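Asks: take this sequence and fold it.
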Amino acid sequence: MKFQLRLLFCVLLCSIALVAQNSGDQVAIDVATKSIRPEHIRAHIRFLADSLLQGRAPGTPGYDIAAHYVATELEGMGLHPGASGAWFQSVPLEKAVTDTEASSLELTVTGKLQKLTDAKDYALSTWFASPAGKKEGKAESDVDAPVAFVGFGVTAPDQKYDDYAGIDVRGKIVVTIYGAPAAFPSTERAYYSDGVVKAKIALSHGAVGKIDIYLPEDWKRYPWDWTVPQIQMGEMHWIDKAGVPHDFYAGLRGSALFSAQGAETLFTGATQTLEQVFATARASKPQAFALPVTAHIHTVAKQTVIDSSNIIAELKGSDPALRDQYVVYTAHVDHLGTCPAIDGDNVCHGALDNASGTSTLLEIARTYANLPTAPRRSVLFVFVTGEEMGLLGSDYFAHFPTVPLKSIVANVNIDGAPGGFYSMKDLVVLGAEHSSMQLDVVSASELLGYSLTPDPMPEEVAFIRSDQYSFVLQGIPAVEVGDGIHAVDPKINGLEVQKKWLVTRYHTPLDNIDQPIDFNSEAKGAVVNFIVGYKVAQDDAPPSWNKGDFFGTIFGPRHAGKSTEE
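Replies: Next comes the predicted model:
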C-alpha cells in the first residue's frame, strides 16, 4: 500500500510538472504570436536592404552599418553581449581576386595548342598565398598536366559509388561534373556536391588541379552570364591562427569552371561525347576515362586581408541544471555588395537573402527577451558574416565558439525567412530527418497548422549552402526551416514561384524591398522558428543524431571532442 501511494505521488508530481511545462509553452507561444509583427520585420528589411548599405559585403562600411544596427537592436531588447562581454566576434578573412590579364588557361587537344578565352570559355578560381600577407599582396600558381574525366568526382563508400574506380589520376587535372548523383538521398547528395569535399577527394587520389563542367540543365538554373560575374568578384576564406586560409587546398594548383562551349573543346577527340557522359551522369552511374588533353593553368590573384564580425547575443537559461547548454540561432547579415546593374541599380540588396532572415531573427530574439521566464537552456543569437562567400562566419564560430562546443546542443538557422513568397500550407525543413529535432519540428509545424514537405529541389543542394551546415560539420544537430511549395491560394504554384525567383531575382539587384513580399506570412514562419528552438531549449534531453545517421556517424564524434577524418 505504501509503495502504491508513493507511486501515485510520483505520477502526480510528474503530471503537475508536465502541465506546468505545457502551460509555460503556451505562454511562450502566445508571447511569440503577439511579439513577432509583420510591420517590425518590414522595417528591418527596409533598412538592411537599403542602397545606403551597398549590399552589406563583409569588410565594407555597409556591412559594418548593418552589424551595428543589429547590435543596437539586441542591446535595446535587454539581451547580453555574447562574445566575451562584447557584441562582436572578429572574423579574420583573406580575399583574393583573379587578375585575369595576368592569368591564362591553355589546352593542348590531340597535340594542337588551343588558347581559350577568359569569361567566354572558362572562369578561373582564385589563388591564395599561404600564410596570408598582412595587408595586400599577390598570389601566383602554375600547373601543366594531363587531364582525366572522373564523372561527378565522387568517392562515396556509403553509397557504394566511386567515380575514381579503375583510373589513376596522380599528377593529373581532373574534370568533374557539378553536383552529385541524383540517386543519392537529398542531404547525402548535397554533402558529396560540396566543393570542399570534392577537393579533398581529388587530392586523396593524387590530382593536382580541377576543372568543373555543368550538365545542360544546370546552365538553365545558373546561366553563364550570371555565374561569371560572381566568380570574378573573388573568393574569401577565414584565416586560422597560423595565417593559413581555411578550406583552401594548395595541392590543387589550378581550378576553373568551363562554359558549355569550353567543355565541347575539352572533350574534342574523347572516347565518349559530352552527350554520352551527361546521360551516364543522369543515370547516377560512375564513369572515368583519360582525355586526349593537357591543360596549362596559370593563376595570378590580388589578395587582401580584411576583418568582419559576427554579432552575438545571449539569453541565460532558467534551469540551473541545463543553463550551461545552448541552443544557437543563426542568420547571415552579409550579402554580395555590388553586382551587375539592372535598370541602373548595381546594389545586390539581399532583401529576402538574407535581410529577411536577419529581421525575423531579431524579432525572435525580442520574443525571448519578452518571456516572463527564460527557457531552461540558454540561447545564443548569432548573426554571421561571410555566408555568401562560403559560410565563413558560421564556420569560424563553429571552430571558435564563444561557449564550449560540447555545450551547444542544436542550431536553428534562418536563410530567407520562410513565408516571404506567399501564405503557405506547408514547410520544407532541411536536416530535420537526421536527428531527434524532427520531433520538435513536427510539433512546431502542427501548432501553426503547417504540414511538412520533403526537399522538392534536391538538385539545389541547399542543405550544404547555408549556415546550419557549419554546425553539422562539428557534429551538432541543426535544421533550417524553409518555404513550403503549397500556397494557401490555389492559384499560386509555389514551386514555380520559387524556381522563377531563383533565376530572375536571386543574387541580383532585383532582390529588393520593392519586390512582392508577404510580411504576414513571414511573421507566422518566424513563430515556427521560435517554437522549434524554444522546444529544444525546454526538452529534458538534448537533441541526438538518429542511430546510424550519415552525418551523425561522420561528424558526431567532433561534438564530443574526438578528432575525425571524413
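
Asks: so what's the residue count around the residue lying closest to residue 201 once chain neighbours are set aside?
Replies: Counting by Cβ to Cβ, 6 or more residues apart in numbering, residue 155 is the residue found nearest to residue 201 once chain neighbours are left out, at 5.1 Å. Glycine gets a C-beta too; all of them are placed from N, C-alpha and C. The local packing of residue 155 (other Cβ atoms under 10 Å) involves 21 other residues.

Asks: tell me the phi and psi of residue 155?
Replies: phi -120, psi 110 (degrees, to the nearest 10).

Asks: then the one 10 residues further on?
Replies: Recorded main-chain torsions at residue 165 are phi -60, psi 130, according to degrees, to the nearest 10.

Asks: that one: neighbour count?
Replies: 11.

Asks: got the contact list for it?
Replies: 286, 288 (Cβ atoms under 8 Å, 6 or more residues apart in numbering).

Asks: now it: how far from residue 81?
Replies: Residue 165 is 52 Å from residue 81, where distance means Cβ to Cβ, to the nearest Å.

Asks: hang on, the earlier thing: partner residues bridging the residue nearest to residue 201?
Replies: Counting by DSSP bridges, residue 155 is bridged to residue 162.

Asks: check what pLDDT it gets.
Replies: Per-residue pLDDT puts residue 155 at 98.

Asks: that one touches residue 167, doesn't it?
Replies: No. Residue 155 lies out of contact with residue 167 (Cβ atoms under 8 Å); the separation is 11.5 Å.

Asks: quick one: mean pLDDT for the host helix or strand of residue 367?
Replies: In this assignment (DSSP states H and E), residue 367 forms part of helix 356-370. The average pLDDT within helix 356-370 is 98.

Asks: mind listing what's buried along that helix?
Replies: Applying a neighbour-count criterion of 16 or more other Cβ atoms under 10 Å, the buried positions in helix 356-370 are 356-369.

Asks: residues in contact with residue 224?
Replies: 259, 260.

Asks: ok, 7 Å please
Replies: By Cβ atoms under 7 Å, 6 or more residues apart in numbering, the contact set of residue 224 is residue 259.

Asks: ok, now residue 254?
Replies: Counting by Cβ under 7 Å, 6+ apart, residue 254 makes contact with 141, 143, 173, 209, 297, 299.

Asks: nearest residue to residue 271 in space, please, no chain neighbours.
Replies: residue 289 (5.7 Å).

Asks: quick one: low-confidence parts of the stretch 1-150 of the chain?
Replies: 1-24, 133-135 (pLDDT under 70).

Asks: where do the strands sit along it?
Replies: With DSSP state E, counting those that start in this stretch as the criterion, the stretch 1-150 of the chain has strands at 80-81, 88-98, 104-109, 112-115, 122-124, 136-149.

Asks: so of those, which one's packed in deepest?
Replies: Across the strands of the stretch 1-150 of the chain, the average number of neighbours (mean count of other Cβ atoms under 10 Å) peaks for strand 122-124, which reaches a mean of 24.

Asks: show residues contacting that strand.
Replies: For strand 122-124, using Cβ under 7 Å, 6+ apart, the contacting residues are 98, 103, 105, 116, 228, 231, 256, 257, 258, 259, 262, 299.

Asks: tabulate those (JSON lines), appending distance to residue 37.
Replies: Output for the contacts of strand 122-124, formatted as JSON lines (distance: Cβ to Cβ, whole Å):
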{"residue": "98", "distance to residue 37": "45"}
{"residue": "103", "distance to residue 37": "51"}
{"residue": "105", "distance to residue 37": "53"}
{"residue": "116", "distance to residue 37": "54"}
{"residue": "228", "distance to residue 37": "41"}
{"residue": "231", "distance to residue 37": "40"}
{"residue": "256", "distance to residue 37": "48"}
{"residue": "257", "distance to residue 37": "44"}
{"residue": "258", "distance to residue 37": "49"}
{"residue": "259", "distance to residue 37": "47"}
{"residue": "262", "distance to residue 37": "51"}
{"residue": "299", "distance to residue 37": "50"}
